[in-house]
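Participant: Sequence plus predicted model, see below.
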Amino acid sequence: RLQCRMDSQMMMAEARELRAELLRDVSGRWADSDLPKLIGNAGHKWFERWRKRYNICHKVTGMKLKVAWRKIKNRVFVLLTNIFRLREWWEICQGDKPMRWLSVDQKPSWWNNVGLTKTWAKRGRRAPTVKENFAHTRSRYTILTAVPHGWKMTEHEDNVPKCAMLFKGKPNGKIKRKLLKNPLLKPWMKMQTQEEGSYRSEDMVDALNWMLPEAHSKEESIVVLLDWFSGHLTQEVEDAIRSKGHVLLFHGGGTTPFTQINDTHLHAILAQLLVELENKMKAVTRSDLLAKGINKMPSAKHEDLVNYVQGAWMAIDHEQIANKGYMQTGPTMPMTGPVRPHEVYQDLLDVLNALDPDSTPTEVSLKTMREAAIDFVNKGHEEKLWKTWDDYYMLIEPHDDEDEGAEEGLEAFRTHIDYEEDSVNEDLDEDDE
């Protein structure tokens, strides 16, 4: 299959060529009067009938990162196995002290998020005219979100986790200096600039050094969860986390829609709040301009974007998201007894059911992961293979290295699961699992 785009003009040209071939058929089977007219209005009407007959409609396509279902299952298996092993080892080493977690991820955003949404109009009427900055729908900045559990990132009265924003600009250049002078900038919000406009390893190191405290004792150690992004898969990022006494775990490539709390429970809420704030502020600004006799479209500045993100961040119930999200994606899922379907994120539930066929409509089977991980940790402890929490690294199973980390700048693209490739490689599933 070509798997490239074809517009209606190309399809009509192909149809006309096919019609001509039929007329040239030496058998004489086809007469001109037997075939539809494909020129002018008659061709337009035929195209409409063809679409209706074969149920052809427009579909919006976008760039996605393609990952085989086989790999998704294997990588989810590895991540959850690592999580259950660490949790069992933590209980052995630290008893009932709460385990600390931190999930950090980039959320791409646009200077004009509203411009990418639909608008209301009366059915059958033309779309309304909207006065806005279209160029800003292509201008990007990045929000670095954090979801802590078992500890607080800051004691600020706003009671929200730390957050960072990265704009395109020179490090410590004019844009960053201007942002830092913003009187409304919150102490829990970090400003970053990058000439390439998206996160690189050095930017992640800078943000993690700011987000993570020093672990002065073993019980203050934090398990940091990062996705399979090239800016995370560097020695510098690993050193920044481990030098402070913390543990680094990776989501396998393509698995964040199933297991990363930022993607599964946070980012959609943040995106919706940003659109709502932008709509309200642009309506107010537009009204003020018109009242002054100025017919000008509202255009956001760097400071406006910071205010939008800070307002949206404070409107989120972060504690509720952390409690529900970490339970449904693994880190606080029950370690004993039955796991109910509602205690698992829906998309992750599909993966778990594929991994363990013993699941039922009322109970999720975790025999191949949770029970196996617990037995593995306890057996190794009895054999004195690991003795203290510092030996945690011996419990972590590495991910496969079939795919390189997602390149810088590709954080905005979703994951496309390739089920067809999985059907071709069924024998690999059995071997790998």
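Facilitator: Right, received. Where do you want to start? None of the values given here were measured: they were computed from a predicted structure.
Participant: State the distance from residue 11 to residue 17.
Facilitator: 11 Å (CB to CB, to the nearest Å). Just so you know, the C-beta spots here come from the backbone N, C-alpha and C atoms, and that holds for glycine as well.
Participant: Please identify which of the two sits among more neighbours.
Facilitator: Of the pair residue 11 and residue 17, residue 11 is the one with more neighbours under other CB atoms under 10 Å, namely 14 against 11.
Participant: which residues does residue 308 contact?
Facilitator: Going by CB atoms under 8 Å, 6 or more residues apart in numbering, residue 308 touches 274, 277, 278, 281, 300.
Participant: typo on my end, it should be residue 343
Facilitator: Residue 343 touches 327, 328, 333, 334, 364, counting by CB under 8 Å, 6+ apart.
Participant: With adjacent residues omitted, what lies nearest to the fourth one?
Facilitator: The shortest distance from residue 334 to any non-neighbouring residue, by CB to CB, 6 or more residues apart in numbering, is to residue 343 (6.9 Å).
Participant: Show the pLDDT at that neighbour.
Facilitator: Looking at residue 343, its pLDDT is 94.
Participant: cool, and the one 10 residues further on?
Facilitator: Confidence per residue is given as pLDDT, and for residue 353 that number is 91.
Participant: And residue 175, how close does it get to residue 330?
Facilitator: Distance from residue 175 to residue 330, by CB to CB: 39 Å.
Participant: nope, residue 353 is what I meant
Facilitator: 15 Å.
Participant: what about those two, which has more around it?
Facilitator: The neighbour comparison of residue 353 against residue 330 (other CB under 10 Å) goes to residue 330, with 27 against 16.
Participant: Just the element for the closest residue in space to the more buried one that isn't next to it in sequence, please.
Facilitator: Distances taken as CB to CB, 6+ apart put residue 83 closest to residue 330, at 4.7 Å, once the chain neighbours are dropped. Here residue 83 sits within helix 69-94, counting by DSSP states H and E.
Participant: quick one on the thing from earlier: out of the contacts of residue 343, which are buried?
Facilitator: 327, 328, 333, 364 (16 or more other CB atoms under 10 Å).
Participant: quick one: the strands in the stretch 151-300 of the chain?
Facilitator: 163-168, 189-194, 222-226, 247-250 (DSSP state E, counting those that start in this stretch).
Participant: if I pick residue 353, what's in contact with it?
Facilitator: 359, 364.
Participant: again but with residue 205, I slipped
Facilitator: Counted by CB under 8 Å, 6+ apart, residue 205 has contacts 236, 237, 240.
Participant: can you tell me which of those are in helices?
Facilitator: Judged by DSSP state H, the subset of the contacts of residue 205 located in helices is 236, 237, 240.
Participant: who's in contact with the first one?
Facilitator: With contact taken as CB under 8 Å, 6+ apart, residue 236 is in contact with 201, 202, 205.
Participant: and if we set it to 6 Å?
Facilitator: Listed by CB atoms under 6 Å, 6 or more residues apart in numbering, the contact partners of residue 236 are 201, 205.
Participant: Against residue 314, how distant is it?
Facilitator: 32 Å.
Participant: picking up where we left off before, any chance of CSV for the contacts of residue 308, columns pLDDT and neighbour count?
Facilitator: Shown next, in CSV, are these (pLDDT from 0 to 100; neighbours: other CB atoms under 10 Å):
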residue, pLDDT, neighbour count
274, 90, 22
277, 85, 20
278, 81, 24
281, 78, 17
300, 79, 19
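Participant: so where's the protein uncertain?
Facilitator: 1-4, 58-65, 111, 113-122, 127-138, 401-433 (pLDDT under 70).
Participant: Return the residues in contact with the residue nearest to the spatial centre of the chain.
Facilitator: Nearest to the geometric centre of the chain sits residue 263, at 4.2 Å (CA atoms, centre = their mean). Counting by CB under 6 Å, 6+ apart, residue 263 makes contact with 256, 257.
Participant: and with 10 Å instead?
Facilitator: 103, 105, 107, 145, 227, 251, 255-257, 325, 329, 347, 414-415 (CB atoms under 10 Å, 6 or more residues apart in numbering).
Participant: same check, this time on residue 32
Facilitator: Residue 32 is in contact with 19, 22, 23, counting by CB under 10 Å, 6+ apart.
Participant: can you pull the contacts of residue 325?
Facilitator: Contacts of residue 325 (CB under 10 Å, 6+ apart): 103, 147, 149, 260-266, 331-332, 345.
Participant: tell me which of those residues is nearest to residue 87?
Facilitator: residue 331 (7.6 Å; CB to CB).
Participant: can I assume that closest one is in contact with residue 222?
Facilitator: No. In this structure residue 331 lies outside contact range of residue 222 using CB atoms under 10 Å: 11.4 Å.
Participant: how far away is residue 331 from residue 259?
Facilitator: 10 Å.
Participant: Quick check: neighbours shared by those two?
Facilitator: 80, 83, 103, 225.
Participant: Could you identify the pair within these that is furthest apart?
Facilitator: Within the shared contacts of residue 331 and residue 259, 80 and 103 form the most distant pair, 14.4 Å apart (CB to CB).
Participant: one step back: residues in contact with the residue nearest to residue 330?
Facilitator: Here residue 83 is in contact with 101, 223, 225, 249, 259, 326, 329-333, 369-370, 373, 396 (criterion: CB under 10 Å, 6+ apart).
Participant: Can you give me the buried ones in stretch 66-78?
Facilitator: By 16+ other CB under 10 Å, the buried positions in stretch 66-78 come out as 67, 68, 69, 70, 71, 72, 73, 74, 75, 76, 77, 78.
Participant: Please apply the same query to stretch 262-282.
Facilitator: Buried, per 16+ other CB under 10 Å, within stretch 262-282: 262-267, 270-271, 273-278, 281-282.
Participant: Equivalent analysis for stretch 170-180, please.
Facilitator: Those buried within stretch 170-180 under the rule 16+ other CB under 10 Å are 175, 176, 179.
Participant: Would you agree the last one is in contact with residue 193?
Facilitator: Yes. Distance between residue 179 and residue 193: 7.9 Å, which falls inside the contact criterion (CB under 10 Å).
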